[in-house]
Every structure is written in structure tokens, then in C-alpha cells.
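Visitor: prediction below, plus the sequence it came from.
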Amino acid sequence: MNTEQILSQTLETPCYYYNTKLLRTTLAALNAARANQRDIHVHYAVKANARPELLRIIAEAGLGADCVSGGEIKAAIEAGFPAESVVFAGVGKADWEIRLALEAGIGMFNVESLPELERISELAVEMGKTARVAFRINPNVDAHTHEKITTGLNENKFGIAMEDMVPAIRMSETLPSVSYEGLHFHIGSSILNLDIFGRLCERINELQDILEAEGIQTRNINVGGGLGTHYEDPDVHPIPDFIGYMDTFRKHLKLRPGQQLHMEPGRSIVAQCGMLLSRVLYVKQGHEKQFLILDAGFTDLIRPAFYNAHHLVQNLSAEGVEPTERYDVVGPICESSDVFQTGTMLPPSKRGDIIAFRTAGAYGEVMASQYNLRRLPGAVFE
């Protein structure tokens, strides 16, 4: 992070600051970890950050796109992702989104229910297209992460139960304009314990044995995303352990001859390259607490309020000064939940100081809102 360069600019805060050099370095590390293996396909999860400038860099690195809406499909294709590298997931695909995907010729629909499968078939017949589908199977693997980002348990809304896997595939074989291509999984987000992915592999191996016993050939296995990043020490851990991540699947997943492995990282690619910058509006001394009131709120970065998420907070205007003051760092939104951190130690801060929330490149700007009729944050690129 080049603090001097940031402070030298005239910034309209709140805004997101993106380090595109770090993004390119991260993508190079990811590509090196898969060692040019043609049977490993990486699809960037567009929901993590859909900034066109970042999408173009990711597309140029040779990744595909994992999309969960028609808007994301449009953004991915406009940014240069080949349509055949796009996979489309989501429990509630609208007709217009399915038509858009079919017309574009995307690589795969990750189907999450039988009614969805039937609707995709109907629309594909109408359009004279063939829909390539993979079934998202709920493997009931606990990712041991926050309840709001766990997706692979039986209690979650996503996917098809394991016991319904074979009937779903058999149903696809009877429907016109549908081609069964594989299985899809996603167990959650912010996973740093790679053993959890090992357990996912074991479950996939069991399901593959079932399919083989049924005489069902499966060309593609999509293990989803979920690899986490370090929020506590972004400068110490700027790039995730992509090598360990890939090696986990190489070691534990028993791919059949000719099978293609797909994965959908998002957070691990873009989180560290972005930070939210804000200015101190007021330092308010209460009877029991001292408040650092910023011009950024949960409309700009909702993760702390929504997920109780932690982001490293730094006063860039006082870099090098020892933290000696305790603050509750809060925003201006008319909600009691508009709190970034409580009891945070920072250097003595004053009005106008630039405050940075690190590791905010994923699920930051893309989740911003205009609640209280606030302006959306802008973006600056390094």
C-alpha cells in the first residue's frame, strides 16, 4: 500500500481505492498454482466485485466467469469473458435471464431445482437451443463459517439433496434441449481451513461412485468457490494460498479419466486489492466512549453490520504514530447498526483524517446501497 500516493490525491470520500498491480500479481499466482493444467478451469465469481475495470483485468488473465444473475452475465461478456467460459448459478433464474444465457451460448447452467430444470428445457425448446446443465448438489458439508455465508448444509436454500441427484439426472435425460454435463458444489465462503475442502472431495468421491454404479457418465466436476483471505494482516498475507488450495483437490479428489475440474474463487482474487477510504467528520467525546464519526457508513461497506465482519482500520493521515486512543468507529447512517468497530485503538485522530478499511475489494463496493439517499461511493485505481 502506497500511503503517500493515496494522501497526495484529491479524493472525494467515501471511495474505493483499487491496487490493480496487486490484482495482477494475485492472478499470476493463481495461474501459476494450476500450472497450466488444461483440465482445471477457474471461473471468477463476479458477485465479489463487478467493477468493469477489474473484470477486464481478470478476463485478460484467462479466467472464466461465475455469474448469478443476468446482469452479471452481461457485465462478464462486455468485459471480455468468452461466453463459453461463463457458468450461471442461482436458485431463482428468471425467464429473461435464462433466455439471455441461452442466446449468449454460455458454457453451463448450474441447476438448483427440478422446476428450474423444466423451465430451462421449455425455453431452450422455444429458442432452438441446447442448454448444458450441471446439477448443484447440496453435500451437507459444514464449512464452519458465518451462518449467513454457509451454503452447503441441508438447511440452506441452495442446491439439490444428495438422495435426489440420480433422479434429477434421469429426469434431464428425458427432457428435450437439455444436456447433462456435470455436478456443481459450493459449501460456503471465507474458508481458510483447507481440510474442509478435503471433506468436500471425500463427499464428491462418494457421489461419483454412486453415479458410476448407475452407469452415468459425468464430464465436469465444479467444486465452487469459498477460499478465504486474511482480514487481520493484509500486508503480511496479500495473496492467498492458491498452491495449497489446488493441491488439496489434486490430493483428495478422484477425478475420472477425461473429467474437467471447475472452481469459482471470488473473494480470494479481489479482496486484498481494494480498500474503502473515508474521512473523519467529527470526534465525539461521550461519557463512556469516544466516537470517530466518518463520512462512510454501512451503505458503503455493509459487511461489519451484516456479518459482524472485521476489517483492519488504519488512520493513513497518522501513519507511523502509535495507537493510543480508543474509538468506536461509526458512520453517519440513521441506524444503530452503522458501526464498523468498537473499542478500536488508533492514533489520535482529528477531523479530515483519511481512514482506510483494508481488504474491502470483495463484497464491498458491489454491495453498496443508497439508503438515506446517499451517493454511491466512487472508485480510484492505482
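Guide: Structure received. Numbers count the residues shown, from 1 in each chain.
Visitor: go through whichever strand in the chain runs longest and flag the buried ones.
Guide: Secondary structure of the chain per DSSP state E: the longest strand is strand 274-285. Neighbour counts using 16 or more other C-beta atoms under 10 Å place 274-281, 283 of strand 274-285 among the buried residues. Quick note: C-beta positions are derived from backbone N, CA and C, even for glycine.
Visitor: report all helices and strands that the helix or strand just after that strand contacts.
Guide: Moving toward the C-terminus from strand 274-285, the next helix or strand (DSSP states H and E) is strand 290-294. Packing partners of strand 290-294 (3 or more C-beta pairs under 8 Å, 6 or more residues apart in numbering; DSSP states H and E): strand 274-285, strand 325-330.
Visitor: which helices and strands does the last one pack with?
Guide: In this case it means strand 325-330. Counting by 3+ C-beta pairs under 8 Å, 6+ apart, strand 325-330 packs on strand 290-294, strand 339-346.
Visitor: nearest to F81, of these?
Guide: Distance to F81, taken as C-beta to C-beta, is lowest for strand 339-346 among those, at 33.5 Å.
Visitor: how many residues are close by A29?
Guide: For A29, the neighbour count with other C-beta atoms under 10 Å is 16.
Visitor: how about the secondary structure of it?
Guide: helix (DSSP: H, G, I helix; E, B strand; the rest coil).
Visitor: re earlier: now the angle from the longest strand of the chain to strand 325-330?
Guide: Interaxial angle, strand 274-285 versus strand 325-330 (axes from the mean of the first three to the mean of the last three C-alpha atoms, to 10 degrees): 110 degrees.
Visitor: picking up where we left off before, buried deepest among the helices and strands packed on strand 325-330, which one?
Guide: strand 290-294 (a mean of 20; mean count of other C-beta atoms under 10 Å).
Visitor: which residues touch that strand?
Guide: For strand 290-294, contacts defined as C-beta atoms under 8 Å, 6 or more residues apart in numbering pick out 14, 278-285, 325-332, 340, 346, 349, 355.
Visitor: neighbouring strands for that strand, and are they parallel or not?
Guide: Next to strand 290-294 in the sheet, as set by DSSP bridges, lie strand 274-285 (antiparallel), strand 325-330 (parallel).
Visitor: what about the ones you listed, which gets the closest to D39?
Guide: Nearest to D39 among the strands paired with strand 290-294 is strand 274-285; the distance by C-beta to C-beta comes to 31.4 Å.
Visitor: mind listing what's buried in the helix or strand that contains L54?
Guide: Using DSSP H and E, L54 maps to helix 52-60. By 16+ other C-beta under 10 Å, the buried positions in helix 52-60 come out as 54-55, 57-59.
Visitor: counting by contacts, list what the helix or strand that that helix is followed by packs against.
Guide: Note on helix 52-60: by DSSP H and E, the next helix or strand toward the C-terminus is strand 64-67. If you count contacts as 3+ C-beta pairs under 8 Å, 6+ apart, strand 64-67 packs onto strand 40-45, helix 70-79, strand 86-88.
Visitor: any chance of the ones you listed in a markdown table, plus mean pLDDT and distance to R374?
Guide: Shown next, in a markdown table, are these (pLDDT from 0 to 100; distance: least, C-beta to C-beta, whole Å):
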| stretch | mean pLDDT | distance to R374 |
| --- | --- | --- |
| strand 40-45 | 97 | 27 |
| helix 70-79 | 98 | 22 |
| strand 86-88 | 98 | 32 |
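Visitor: packed most tightly, which of those would that be?
Guide: strand 86-88 (a mean of 26).
Visitor: how far does it sit from the chain's center?
Guide: Centroid separation between strand 86-88 and its chain, computed with C-alpha atoms, centre = their mean, to the nearest Å, is 14 Å.
Visitor: before we move on, back to that, what's the closest of the buried residues of helix 52-60 to F249?
Guide: For the buried residues of helix 52-60, the nearest to F249 is I58 (20.8 Å; C-beta to C-beta).
Visitor: skipping adjacent residues, who's closest to that closest one in space?
Guide: Y44 (4.9 Å; C-beta to C-beta, 6 or more residues apart in numbering).
Visitor: list the contacts for the one you found?
Guide: 55, 58, 63-66, 264-266, 269.
Visitor: got it, and S369?
Guide: 299, 302.
Visitor: likewise G71?
Guide: Here G71 is in contact with no residue (C-beta under 8 Å, 6+ apart).
Visitor: hmm, back to that, how about a markdown table for the buried residues of helix 52-60, with pLDDT and distance to I293 added?
Guide: Converted to a markdown table, the buried residues of helix 52-60 look like this (pLDDT from 0 to 100; distance: C-beta to C-beta, whole Å):
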| residue | pLDDT | distance to I293 |
| --- | --- | --- |
| L54 | 98 | 30 |
| L55 | 98 | 34 |
| I57 | 98 | 35 |
| I58 | 98 | 36 |
| A59 | 98 | 40 |
